[in-house]
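Q: Pasting a predicted model and its sequence here:
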Amino acid sequence: MQLSFREVSVRWYSVALLAIVLAVYGNTLLNGYAMDDATVIHQNVIVKKGLAGVPEILTTPRLSGYMKLTADSYRPVSLILFAVEYQLWGANPMMGHLMTVLLFAACVLLLFSFLRRLPGWEGTIVPFLAAAIFAVHPVHTEVVANIKSCDELLAFLFGFGALHMYANYMRDGRAGQLVAGLLLFLVACFSKETVVTFVAIVPLLFFVYLNNDKRRAWTLTAGTAAVVALFVVISRAVLVSHGAAMQGAEDFTTNALIGAPLMATRIPTAIAVLGRYLLLLVYPAPLLCNYSFASVPFYSWGSMVVVLSVVVYGAMKVFAFARMRKQLNDLWAFAVWFYLLSVGLFSNIFFLVTSQMAERFLFLPSVGFCLAVALAIWYGSRQRARVAAAVLLPLLVVFGGMTVARNAEWKDDATLFAADVQKAPDDCKLNYYRALSIGAPAGADEAQRRQVIEEKMMYLRKALDIYPEFIEAHTEIAKVFEAKGQYDSALVHNMLVLRNNRSNSIAAYHAANEYYALKQHEQAILWYKATIELVPDFQPAYLNIARCYADIGIADSSIVYYRGLLALGGAAPDVHRSMALCYLQTGRYDSAAIYMMQVTRSAVATPDDQSNLGAIYMSAGKNEEALICFRRALQMSPGNKAAFANMAAAFEKMGNKDSATFYRMKAQ
């Protein structure tokens with residue numbers, strides 16, 4: 001069968017788009033894990049179960065496998081993808097990046113296919129122009145170069161897949177198409193909640209642009225709203241069942257608008273950020289992986305940035321309304337409304353979101369911008385395809401080059417944060433992240449390690465200079481002091497954290513360690529108990545509080561916490577050794593022997609374990625059993641002087657002085 005010219009063009013356009021994506025994002029395959037990849041991939045215990053972890057993924061908040069949070073989200077689709085990947089090839093960043101690039105390529109092709117369905121664009125180059133610009137725009141690097149952001153890609157992919165099925169339903173009216181579309185949209189919501197803006201986009205699209213049937217348009221609108229409601233109900237149920245709330249703005253460092261007066265500062269600053277979003281779309285530099293306090297300053301109503309943002313956004317709305325008055329289904333108006341409706345979710349005007357500003361928030365709204373640029377190129381070239389292509393080419397080269405360069409900065413945490421902190425030196429979290437990314441190279445000498453510590457401390461102190469109440473920075477500085485053995489200094493920072501927030505389990509645990517190191521056992525026990533109350537399954541706290549009680553001679557309490565550690569799956573031989581010594585201290589020799597015997601039967605048993613078991617028997621007056629243990633220790637280590645000394649002691653107790661003298665000489 002011979003293909004029409006239009007079909008041939010579509011195929012070539014699709015091949016060209018795929019080639020563009022691979023050209024600009026191919027270098028991400030050389031990257032490792034970066035930013036927050038650990039939270040959902042190689043340090044997420046549920047994801048690392050592979051396919052076996054899928055049922056747990058479906059019933060738990062997103063970060064449950066990494067840490068328990070009081071505010072979280074429910075995005076099981078991307079976690080299932082990561083679990084499948086882990087099942088297939090383990091923690092392999094190259095394969096993770098390959099999957100991300102392929103997902104983005106699918107998004108670009110699906111966008112191209114969908115735009116071809118809009119009225120007036122059939123048979124034109126405009127859908128290709130828009131999709132090509134979308135493919136190379138540098139602002140998308142955070143989503144594509146960061147494996148964790150597969151949730152954004154999956155939401156886009158399934159969301160536009162749903163729009164395709166909706167369009168089919170509008171055309172044909174088949175119930176199967178409607179159901180398929182609603183299911184795809186539900187999957188999109190469970191990928192990431194950003195697609196809830198489709199509640200506004202769907203009626204715009206199907207009442208105005210693809211308006212074959214009003215009744216079907218109402219059905220799609222109602223169905224989309226019902227899916228969003230179902231998503232909210234299910235997400236809330238999962239989160240509440242695990243003691244978490246829907247994630248929102250909670251941290252001043254990531255969204256400083258939490259502490260801003262509503263009208264005087266919060267709204268003007270939010271409007272200024274909207275202006276910065278438009279500027280990033282037009283001129284995408286500098287790009288940052290994080291926009292926290294104080295890289296985004298507070299603005300007042302009189303600020304020129306705020307005034308310009310109000311004027312520009314107001315002009316966009318006036319322009320869209322004016323175009324729709326001339327022609328209701330005007331495509332320029334669609335581009336503007338798609339952007340405005342999508343970006344509104346992240347504006348921080350109506351409600352506060354997790355971050356004050358983020359490039360990933362522009363992933364979906366940028367579709368509207370790319371449409372507008374494509375229209376400008378098309379009509380500016382007087383609808384001549386060759387001229388439009390000639391205009392597009394330098395844009396692809398410039399944006400593509402910027403994207404390739406930015407991808408290289410996403411190589412790993414050290415590269416990313418080193419690059420970004422230079423662009424935004426007043427960002428408290430970038431300074432903090434840079435400090436975390438600094439580590440001594442393998443084989444470093446003492447001087448190099450000291451230099452690394454000083455550099456780390458420099459960035460942490462800068463983070464605290466920017467925001468003195470930055471909890472994580474105080475905690476990290478405390479860890480550095482603790483590692484250097486400066487426990488008093490470490491304690492100052494941890495106690496400052498705890499004065500502001502007694503529920504900070506990290507600070508509580510490290511404060512306990514520092515009190516323990518300073519031999520202030522009562523205070524150490526107090527904070528170990530606080531840690532266990534906050535994180536009931538935190539094994540190191542059980543181990544250290546048991547040791548603490550043992551050090552001050554309260555063996556019974558020590559045994560209680562050792563048993564708790566065993567119940568949590570703690571390393572049995574080590575715990576059994578300690579429990580045996582505790583029972584020995586209290587004169588309960590039978591119990592001591594039982595636990596030490598379990599150690600001697602383990603794969604990690606040592607000659608000293610056999611000697612200790614013999615010593616327990618000897619303390620209980622069971623000298624014959626003790627001798628058996630000492631002989632086993634000597635079989636394992638023929639020159640073991642401790643075993644010889646114990647043999648001498650046992651024979652001495654048995655009244656066999658000749659043998660005692662013989663083994664005492666061996667022990668010398």
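A: Thanks, I have the structure now.
Q: C-alpha only now, for contacts and for neighbours.
A: Will do.
Q: contact partners of the helix or strand hosting Phe82?
A: If you go by DSSP states H and E, Phe82 is part of helix 76-89. Around helix 76-89, the neighbours that count as contacts under Cα atoms under 8 Å, 6 or more residues apart in numbering are 40-41, 47-51, 53-54, 57-58, 62, 92, 95-96, 150-151, 154, 187, 190-191.
Q: Out of the residues you listed, which sit inside strands?
A: Taking DSSP state E, every one of the contacts of helix 76-89 sits outside strands.
Q: What's the ChimeraX syntax to select whichever of those residues are buried?
A: Those of the contacts of helix 76-89 that count as buried under 16 or more other Cα atoms under 10 Å are selected in ChimeraX with:
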select :40,41,47,48,49,50,51,53,54,57,58,62,95,96,150,151,154,187,190,191
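Q: So which bits of the helix holding Phe82 are buried?
A: 76-87.
Q: can I get those residues in a markdown table with pLDDT and distance to Arg360?
A: Converted to a markdown table, the buried residues of helix 76-89 look like this (pLDDT from 0 to 100; distance: Cα to Cα, whole Å):
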| residue | pLDDT | distance to Arg360 |
| --- | --- | --- |
| Pro76 | 96 | 19 |
| Val77 | 97 | 18 |
| Ser78 | 96 | 16 |
| Leu79 | 96 | 18 |
| Ile80 | 96 | 21 |
| Leu81 | 96 | 20 |
| Phe82 | 95 | 19 |
| Ala83 | 95 | 23 |
| Val84 | 96 | 24 |
| Glu85 | 94 | 23 |
| Tyr86 | 94 | 25 |
| Gln87 | 95 | 28 |
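Q: can these go into TSV with extra columns for distance to Thr124?
A: Compiled in TSV, those are given as follows (distance: Cα to Cα, whole Å):
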residue	distance to Thr124
Pro76	39
Val77	35
Ser78	35
Leu79	39
Ile80	39
Leu81	36
Phe82	38
Ala83	41
Val84	40
Glu85	39
Tyr86	43
Gln87	44
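Q: buried residues in stretch 275-285?
A: Burial within stretch 275-285, assessed by neighbour count using 16+ other Cα under 10 Å, is assigned to 275-278, 280-281, 284.
Q: Out of those, which is nearest to Ala225?
A: Distance to Ala225 across these (Cα to Cα) is lowest for Tyr277, with 27.6 Å.
Q: can you pull the contacts of the closest residue to that closest one other than its chain neighbours?
A: Counting by Cα to Cα, 6 or more residues apart in numbering, Leu362 is the residue found nearest to Tyr277 once chain neighbours are left out, at 7.4 Å. Contact partners of Leu362, counting by Cα under 8 Å, 6+ apart, are 139-140, 277, 343.
Q: right, and out of these, which lies closest to Tyr169?
A: Nearest to Tyr169, judged by Cα to Cα, of the contacts of Leu362 is Val343 at 27.2 Å.
Q: ok, the closest one - how many residues close by?
A: Per other Cα atoms under 10 Å, the neighbour tally for Val343 reads 22.
Q: One more: Ala603?
A: Applying other Cα under 10 Å, we find 8 residues neighbouring Ala603.
Q: and it, what element?
A: Going by DSSP H and E, Ala603 is not in any helix or strand.
Q: again, but for Gln598
A: When elements are defined using DSSP H and E, Gln598 is found to belong to helix 589-600.
Q: Check which residues of stretch 247-263 are buried.
A: 249-250, 252-258.
Q: Ignore what I typed, I meant stretch 21-34.
A: In terms of neighbour count (16+ other Cα under 10 Å), stretch 21-34 has its buried residues at 21-22, 24-29, 31-34.
Q: all helices for the stretch 51-200 of the chain, in order.
A: Assigned by DSSP state H, counting those that start in this stretch, the helices in the stretch 51-200 of the chain fall at 54-57, 76-89, 93-115, 126-136, 141-145, 150-172, 175-191, 198-204.
Q: closest to Arg461 among the buried residues of stretch 275-285?
A: Comparing the buried residues of stretch 275-285 against Arg461 with Cα to Cα places Arg276 closest, at 28.6 Å.
Q: if I look at the closest one, how far off is Val312?
A: Per Cα to Cα, to the nearest Å, Arg276 is found 11 Å from Val312.
Q: so Gly181 sits right up against Tyr166, yeah?
A: Yes. The pair Gly181 / Tyr166 is scored as a contact, 5.7 Å apart, by Cα atoms under 8 Å.
Q: Least confident secondary structure element in this protein?
A: Sorting the helices and strands of the chain by mean pLDDT, DSSP states H and E puts helix 37-40 at the bottom, at a mean of 72.
Q: Residues contacting it, please?
A: In contact with helix 37-40 (Cα under 8 Å, 6+ apart) are residues 44, 47, 62-63, 65-66, 79, 82, 146-148.
Q: give me that answer again for 10 Å
A: 43-48, 62-67, 78-79, 82-83, 91, 93, 146-149 (Cα atoms under 10 Å, 6 or more residues apart in numbering).
Q: Which strands and helices lie in contact with the helix or strand containing Tyr25?
A: Per DSSP H and E: Tyr25 is located in helix 5-25. Identification of packing neighbours for helix 5-25 by 3 or more Cα pairs under 10 Å, 6 or more residues apart in numbering; DSSP states H and E yields helix 93-115, helix 126-136, helix 141-145, helix 385-409.
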